[in-house]
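Trainee: This is a predicted model, with the sequence first.
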Amino acid sequence: MKDLIMKRLAQMAVVFVIVSMFAFSIIYFSPGDPLYLYTSPSVSTYKMSEEQLDDMRASLGLEGNVVQRYIDWAGKMLKGDWGLSISNHQPVKKQILDRLPNTIGLMGAALVLSVLLAIPLGLLAGYHKNKWIDNLISAVSYLGISLPAFWFGIMLIIVFSLKLGWLPSAGMRTIGVESALDVIRHGILPVIVLSVNNTAVFVRYIRSNTIEQKEEEYVMTVISKGVPRMQVLLRHVLKNCLLPIITIVGMNFGTLITGSFIVESVFGWPGLGTLCMDAINSRDYTMIMGITVLTCIVLLIGNFLADILYGFADPRIKQGKEAQNG
Amino acid sequence: MDRRAMKKIFFSNKMTVICAVLLLLVILASLLAPLSPYDPDAVNVAERLQGMSGRHILGTDDLGRDTFTRALYGGRVSLLVGSAAMCVAVLAGTFIGTVSGYSGGRIDMVCMRIVDIFLSVPSLLFIIVVYAFMPRNIMTLVLMLASFSWTKVARVVRAQTLSLKERDFVTAAKALGVSRGRIIWRHIIPNLMPQVIVAASLSIANAILDESALSFLGYGVQLPMASWGSMLQSAQQYILHNPILAVVPGTMILITVLCFNVMGDMLQQILDPKLVK
């Protein structure tokens, strides 16, 4: 177990360094001069001298060769100095951390919803393999996997916001209303859209696991002992299906993050995704770098936790045998 | 499994045939798009935002362009981008997967770590960020999509290669002194075909889905070219009065992606009976 953790940590460190290099190269290789924003005649009529420009470069960390600049930048990031946003001169870190809870909330709610829906559906489908209920659930899960999330979002807005007027179509709060209920009302549609894809993936996974478990000898034994079917399903089969869910949740964490970016854009949810889109549209390099790095940290931690949890839950791995993947 | 056996199994499954026919229809319709009496780009303000009618079976958009015609032309772009990205991904994935699996040792380790890195970054975010600073054309889009999807192909191919290389015919070829490249090319790759076809089907579904999401966000196919995704982007403002503008391209994406997914999955079940039991 300790070996596993160390190995994963080392792997994470390598991935992280590479990702950070990538994020850094965005600003380094991007076309145009970042100082253009300050010096362009359309912004100010004041003509800066070469010295002033050099000072400015130094203060923005635009001096020296690539390696030097990367090390400087990485050091600052590690110390928690993520720089100032180019477009509004506010600290990048504060803006990101302000938005982060909104995205995490969206993702967390969607994940919980997915798991809660997928467990009964997957068990049901797997238990009644190839019956009509299984065919129905499988067909719906195919739809869920193939559905373009943003389009589904638009359709839900048309039906539930525009035609029926039940739920708000955009944003996170009604202006002037400060209540949790209001946020939940705004969150219902985004959470549904975000959870569709994951639910479908989980259902298929639990279904095939249930089918596999049902054939196992221990299930036969319990059934022949006269334990009611429902109890067998809930007590024994479910227990052995839950374990792999941890892995699959970890594996789908990336889809969840990018999915939330798309969903946020559709619903105007004030999270990291909308912040990122705005930053890209306004060429706000420091902000883009900050968000890229942070997103990768979140994803890496998610994957790491999934691995470790799985290790703890499965005694075979705890004893040092590694899960065989990749 | 030889080609004839595979064909037979393919046609014995009802779902795969239905999906194949649907896909063929979508592809054919896109190819025959020029037969439509309307120009997909001709602006006709007099007929803007019309509903369904005999003249325009699916109505017109904000510039008076025929939605049905545009959906067909959009399909050309979506399918082109999707299949091109799939081809690049399959070629790269097969190459790296076979070399990695057959060589083993250090090469294998390095390749798999690279795959791990690609799998542990949020792909769509990276594509958007890179795309924002690159020349925005179809070529870049295809390469970006492929660069995050070859990993899945590589993993499948590698796993299959690992088991193939232990087989007798490979040992025999080795004993006869056949070179490594030739063994991979003549003996491993032909036997990988079923798995590669499955991976290709799933990969094209993902590529079309990702392309549509990117285009919807404004980072994919650029004007004046339109794909299903970018049609949805422009339709977003008119959903209140003309929801059909959003319904049409979305349905096209859904049908196409669904068919590729179902087909890939069915083939996989046929190839790996363990999964069906």
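Mentor: Yes, it's here. Numbers count the residues shown, from 1 in each chain, chains lettered A, B, ... in the order given.

Trainee: measure the spatially most central residue of chain B to chain A for me?
Mentor: In chain B, the residue lying closest to the centroid (Cα atoms, centre = their mean) is residue B:204, at 1.4 Å. Taking Cβ to the nearest Cβ, to the nearest Å as the measure, residue B:204 falls 12 Å from chain A. The way it works is simple: take the backbone N, C-alpha and C, and place the C-beta from them, glycine included.

Trainee: Show me what the helix or strand that residue falls within is packed against.
Mentor: For residue B:204, the element it lies in under DSSP states H and E is helix B:189-217. When contacts are defined as 3 or more Cβ pairs under 8 Å, 6 or more residues apart in numbering or on different chains; DSSP states H and E, helix B:189-217 packs onto helix A:149-156, helix A:253-267, helix B:67-103, helix B:123-132, helix B:138-147, helix B:150-164, helix B:228-235, helix B:244-271.

Trainee: is the fourth one up against chain A anywhere?
Mentor: I take that to be helix B:123-132. Yes - among the residues of helix B:123-132, B:123, B:124, B:125, B:126, B:128, B:129, B:130, B:132 lie within reach of chain A under Cβ under 8 Å from any Cβ of the partner chain.

Trainee: Pretty sure the fourth one sits against residue B:148.
Mentor: It refers to residue B:126. Yes - in terms of Cβ atoms under 8 Å, residue B:126 counts as a neighbour of residue B:148; the distance is 7.2 Å.

Trainee: Might you report the residue contacts of residue B:152?
Mentor: B:89, B:93, B:199, B:202, B:203 (Cβ atoms under 8 Å, 6 or more residues apart in numbering or on different chains).

Trainee: and of those, the nearest to residue B:75?
Mentor: Distance to residue B:75, by Cβ to Cβ, is smallest for residue B:203 among the contacts of residue B:152, at 18.5 Å.

Trainee: Could you report the distance from that closest one to residue B:91?
Mentor: 11 Å (Cβ to Cβ, to the nearest Å).

Trainee: swap in residue B:23?
Mentor: With distances taken as Cβ to Cβ, residue B:23 is found 22 Å from residue B:91.

Trainee: out of these two, which sits in the more crowded spot?
Mentor: residue B:23 (19 against 14; other Cβ atoms under 10 Å in any protein chain shown).

Trainee: The more buried one sits in which helix or strand?
Mentor: Counting by DSSP H and E, the secondary-structure element that holds residue B:23 is helix B:14-31.

Trainee: in that helix, what's buried?
Mentor: B:16, B:19, B:20, B:22, B:23, B:26, B:29, B:30 (16 or more other Cβ atoms under 10 Å in any protein chain shown).

Trainee: Under the pLDDT cut-off, which ranges of the chain? List them.
Mentor: Looking at chain A here, since you left the chain open. Along chain A, the model assigns pLDDT under 70 to residues A:27, A:30-46, A:59-64, A:176-177, A:314-326.

Trainee: my bad, the chain I had in mind was chain B
Mentor: B:1-3, B:5-6, B:9-10, B:44-57, B:62, B:64, B:272-277.

Trainee: Please convert the helices and strands packed on helix B:189-217 to TSV, extending it with distance to residue A:233.
Mentor: Below are the helices and strands packed on helix B:189-217 laid out as TSV (distance: least, Cβ to Cβ, whole Å):
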stretch	distance to residue A:233
helix A:149-156	31
helix A:253-267	28
helix B:67-103	38
helix B:123-132	37
helix B:138-147	41
helix B:150-164	32
helix B:228-235	41
helix B:244-271	24
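
Trainee: can I get the CA coordinates of the helix holding residue B:23 in CSV?
Mentor: Extracted in CSV, the C-alpha atoms of helix B:14-31 (Å, rounded to 0.1, in the frame of the first residue of the first chain):
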residue,chain,number,x,y,z
LYS,B,14,-30.0,-6.9,-36.2
MET,B,15,-28.7,-3.8,-34.3
THR,B,16,-25.5,-3.5,-36.2
VAL,B,17,-27.3,-3.7,-39.5
ILE,B,18,-29.8,-1.0,-38.5
CYS,B,19,-27.1,1.3,-37.4
ALA,B,20,-25.0,0.7,-40.5
VAL,B,21,-28.0,1.5,-42.7
LEU,B,22,-28.8,4.7,-40.7
LEU,B,23,-25.2,5.8,-41.0
LEU,B,24,-25.1,5.1,-44.7
LEU,B,25,-28.2,7.3,-45.0
VAL,B,26,-26.6,10.1,-43.1
ILE,B,27,-23.4,9.8,-45.2
LEU,B,28,-25.2,9.5,-48.4
ALA,B,29,-27.4,12.5,-47.6
SER,B,30,-24.4,14.6,-46.8
LEU,B,31,-22.7,13.6,-50.0
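
Trainee: quick check: angle from that helix to helix B:189-217?
Mentor: 60 degrees (axes from the mean of the first three to the mean of the last three Cα atoms, to 10 degrees).

Trainee: Can you pull out the residues in contact with helix B:14-31?
Mentor: In this structure, residues lying in contact with helix B:14-31 by Cβ under 8 Å, 6+ apart are B:10-11, B:72-73, B:75-76, B:79, B:252, B:255-256, B:258-260, B:262-263, B:266-267.

Trainee: Same question for stretch A:191-202.
Mentor: A:106-107, A:109-111, A:113-115, A:117-119, A:121-122, A:140-145, A:147, A:149, A:152-153, A:156, A:245, A:248-249, A:252, A:255-256, A:259-260, A:263, A:266-267.
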